[in-house]
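> coordinates only, sequence not included:
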């Protein structure tokens, strides 16, 4: 079987490096020695397991992309960059016909989808790449669609903790808010309690020391009006391996869709999970 | 609108009394002054809010049922009796063409369904009548059907606590086991950790004193093979009001089905929730 060529953008960011490391160890992939990175990055190269990855900042990527496409042919892009770069990156990928997996959260998500829909490529866009978490999100979406108003009169608390560097509120938590709204609960994204302080994460949340630099813990607590019923859903993820594994599965899925010539379509991780 | 006549069997059991009390306060219902009860019950009458309910033991119910049917016409039966009585009661209801809501857990559930399917009545059968818990169960069933193997390699722990008098393992927890099995986890009903000791419930679980006599707390904990992902789902219910409310909604649903002449059909609380 031919290996899928994969470019991981956002190196030397932690998540991009982790995804690239997984791709290097995965027989389904050939990791490409290029990565588009942020304007603040001063290194021009990053070495992963002996492979030198050339880092290209936004101001020069337009010059280099034609060369890359000419020499590499078709490939899949995985984006683990920064919320502020999401839309510009997507527009760049679409303009250059690069099917992409968007693992970066934030940005204008509606515009992101529209950019893909108006282009001649397809993309997998998901605020969370960990398959079991995506399965849990799909459960909540199903409940919201099937039983609207199920939790009418309930109060809701959403708490999430991520590593200090994560700029925005958890995309997973935000996507849950809309499902809870459909199920009858008045709650806004701004009500999400966000923890980024490593000291509190350690002492109050009990997050292991070695995971302070990479974790995503979420708890949703629902209490009925008369306080007689309580529901609590928790998903805690330590490290980044589960995301990296999911990203690669998404890339395999997207590679098939690209080979089938499917254009302008936005896929979710639920589509990847179902394999359809 | 004509009130639905409702007979609640299992009085003076706590759950039956609670359901009867709710029916008395609910304009949709007329509570009937009869209740079929267990052979161990010595009282012949139980008074709820001024209404004397006549208690009938199994050995004499065959004599009285023809009279009740003659004088009352069509009615709905709600069964909150004992696991050991489930199948004999269902056979009695079917033999006498009494559509019923089975709120009692335990017994031979397969035979229970078959009894209804071979009869000329329909029934709502659900191990749990609390609507939000049923919604949560439906979510898990959806995930099991849509994403089989989602939690492959995960370990599972199920813990449940109920009031001291509850004889069997939680029916809700048991129904969850099959969903987790479908999602790739090897787990048997016997692995469910069952708590019935009020002292431990109070000191270890933190269950409020006034709920020790009526509660249903459940926690499902899933941990990935590499321990980097943890999912935890909890549903805690104090008292019996949520079950009683659900039972009455099920009775309304079943009454409509009976009026439509639907026979031999087993409905779940999910059907009741969807209203279809």
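Done, it's in. Note that the structure is a prediction, hence the values are computed from the model and not measured.
> can we go C-alpha only for contacts and neighbour counts from here?
Noted.
> how about the strands in the stretch 51-200 of chain A?
All strands of the stretch 51-200 of chain A, identified by DSSP state E, counting those that start in this stretch, fall at A:51-56, A:76-79, A:100-102, A:123-125, A:155-162, A:193-195.
> closest one to residue B:52 among those?
strand A:155-162 (39.1 Å; CA to CA).
> can you pull the buried residues of stretch A:162-175?
Using 16 or more other CA atoms under 10 Å in any protein chain shown as the test for burial, stretch A:162-175 gives A:162-163, A:166, A:169-175.
> what about the residue lying closest to residue A:223 once chain neighbours are set aside, distance to residue B:187?
Using CA to CA, 6 or more residues apart in numbering or on different chains and skipping the chain neighbours, the partner closest in space to residue A:223 is residue A:230 (4.5 Å). When CA to CA, to the nearest Å is the yardstick, residue A:230 and residue B:187 sit 25 Å from each other.
> so the two - more neighbours on which side?
residue A:230 (21 against 16; other CA atoms under 10 Å in any protein chain shown).
> might you name the residue of the stretch 51-200 of chain A sitting closest to chain B?
residue A:139 (5.2 Å; CA to the nearest CA).
> so who does that residue touch?
Neighbour list for residue A:139: B:139-140, B:142-143 [criterion: CA atoms under 8 Å, 6 or more residues apart in numbering or on different chains].
> rewinding a little: mean pLDDT for the strands of the stretch 51-200 of chain A - can I get that in JSON lines?
Putting the strands of the stretch 51-200 of chain A into JSON lines (pLDDT from 0 to 100) gives the following:
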{"stretch": "strand A:51-56", "mean pLDDT": "97"}
{"stretch": "strand A:76-79", "mean pLDDT": "98"}
{"stretch": "strand A:100-102", "mean pLDDT": "98"}
{"stretch": "strand A:123-125", "mean pLDDT": "97"}
{"stretch": "strand A:155-162", "mean pLDDT": "98"}
{"stretch": "strand A:193-195", "mean pLDDT": "97"}
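> can you name the farthest residue from the center of chain A?
Most distant from the centre of chain A: residue A:226, at 37.8 Å, with distances by CA atoms, centre = their mean.
> just to be sure, that one is in a strand?
No. Using DSSP: H, G, I helix; E, B strand; the rest coil, the assignment for residue A:226 is coil, not a strand.
> interface residues of the stretch 151-276 of chain A facing chain B?
A:151, A:228-239, A:242, A:273-274 (CA under 8 Å from any CA of the partner chain).
> just the buried ones from those?
Buried members of those, scored by 16+ other CA under 10 Å, are A:151, A:228-239, A:242, A:273.
> from those residues, which is closest to residue B:25?
Once CA to CA is applied, the member of those that ends up nearest residue B:25 is residue A:228, at 19.3 Å.
> is the closest one in contact with residue B:237, as I believe?
Yes. At 5.6 Å, residue A:228 and residue B:237 qualify as touching, with contact defined as CA atoms under 8 Å.
> what parts of the stretch 1-150 of chain A come near chain B?
A:131-132, A:135-136, A:138-140, A:142-143, A:146-147, A:150.
> of those residues, select the buried ones using a PyMOL command.
Here is the PyMOL command that selects the buried residues among these (16+ other CA under 10 Å):
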select buried, chain A and resi 131+132+135+136+138+139+140+142+143+146+147+150
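> is it possible to export the residues of the stretch 1-150 of chain A next to chain B to a markdown table including pLDDT?
Formatted as a markdown table, the residues of the stretch 1-150 of chain A next to chain B follow (pLDDT from 0 to 100):
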| residue | pLDDT |
| --- | --- |
| A:131 | 91 |
| A:132 | 95 |
| A:135 | 95 |
| A:136 | 95 |
| A:138 | 93 |
| A:139 | 95 |
| A:140 | 96 |
| A:142 | 95 |
| A:143 | 96 |
| A:146 | 94 |
| A:147 | 93 |
| A:150 | 93 |
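> which ones among the residues of the stretch 1-150 of chain A next to chain B are found in helices?
Counted as lying in helices by DSSP state H, out of the residues of the stretch 1-150 of chain A next to chain B, are A:131-132, A:135-136, A:138-140, A:142-143, A:146.
> give me the domain ranges for chain A.
With domains defined by automatic domain parsing, chain A comprises A:4-125+A:241-274, A:131-238.
> among those domains, which is nearest residue B:27?
Among those, the nearest to residue B:27 by CA to CA is domain A:131-238 (21.0 Å).
> show me how far the closest one is from its chain's centre.
16 Å (CA atoms, centre = their mean, to the nearest Å).
> what's the span of that domain, first residue to last?
In domain A:131-238, first residue to last residue: 14 Å (CA to CA).
> these two touch, right, residue A:78 and residue A:7?
Yes. Counting by CA under 8 Å, residue A:7 is a contact partner of residue A:78 at 6.2 Å.
> for the two, indicate the residue with more neighbours.
Remark: of residue A:78 and residue A:7, residue A:78 carries more neighbours, 26 against 23, as counted by other CA under 10 Å.
> could you single out the nearest of the buried ones among the residues of the stretch 151-276 of chain A next to chain B to residue A:25?
For those, the residue nearest residue A:25 by CA to CA is residue A:242; the value is 14.7 Å.
> name the nearest residue to the closest one, sequence neighbours excluded.
The spatial neighbour of residue A:242 that comes closest, neighbours along the chain excluded (CA to CA, 6+ apart), is residue A:130 at 5.2 Å.
> neighbours of the one you found, how many?
Neighbours around residue A:130, by other CA under 10 Å: 20.
> same deal with residue A:59?
Per other CA under 10 Å, the neighbour tally for residue A:59 reads 9.
> check the gap between residue A:91 and residue A:209 for me.
39 Å.
> more crowded one of those two?
Taking other CA under 10 Å, residue A:91 and residue A:209 do not tie; residue A:91 has more neighbours (17 against 12).
> ok, the more buried one touching residue A:115?
Yes. Using CA under 8 Å, residue A:91 is in contact with residue A:115, at 6.4 Å.
> hang on, residue A:247 packs against residue A:128?
No. Taking contacts as CA under 8 Å, residue A:247 lies outside contact range of residue A:128: 9.3 Å.
> these two: who's more crowded?
Shown here are residue A:247 and residue A:128; by other CA under 10 Å, residue A:247 has more neighbours (29 against 25).
> list the contacts of stretch A:216-225.
Here stretch A:216-225 makes contact (CA under 8 Å, 6+ apart) with A:151, A:153-163, A:173, A:229-238.
> where in the stretch 151-276 of chain A is pLDDT low?
Residues of the stretch 151-276 of chain A that meet the criterion pLDDT under 70 lie in A:276.
> repeat that with 80
Along the stretch 151-276 of chain A, the parts satisfying pLDDT under 80 run over A:167, A:276.
> where along it do the helices fall?
Along the stretch 151-276 of chain A, counting by DSSP state H, counting those that start in this stretch, helices occupy A:171-182, A:198-203, A:241-259, A:269-274.
> relative to helix A:131-146, how tilted is the third one?
Right, the one you point to is helix A:241-259. Here helix A:241-259 points in a direction 70 degrees away from that of helix A:131-146 (axes from the mean of the first three to the mean of the last three CA atoms, to 10 degrees).
> circling back: which one of the ones in helices among the residues of the stretch 1-150 of chain A next to chain B is nearest residue B:214?
For these, the minimum distance to residue B:214 (CA to CA) is 27.5 Å, reached by residue A:143.
> can you pull the contacts of that closest one?
Listed by CA under 8 Å, 6+ apart, the contact partners of residue A:143 are A:183, B:135-136, B:138-139.
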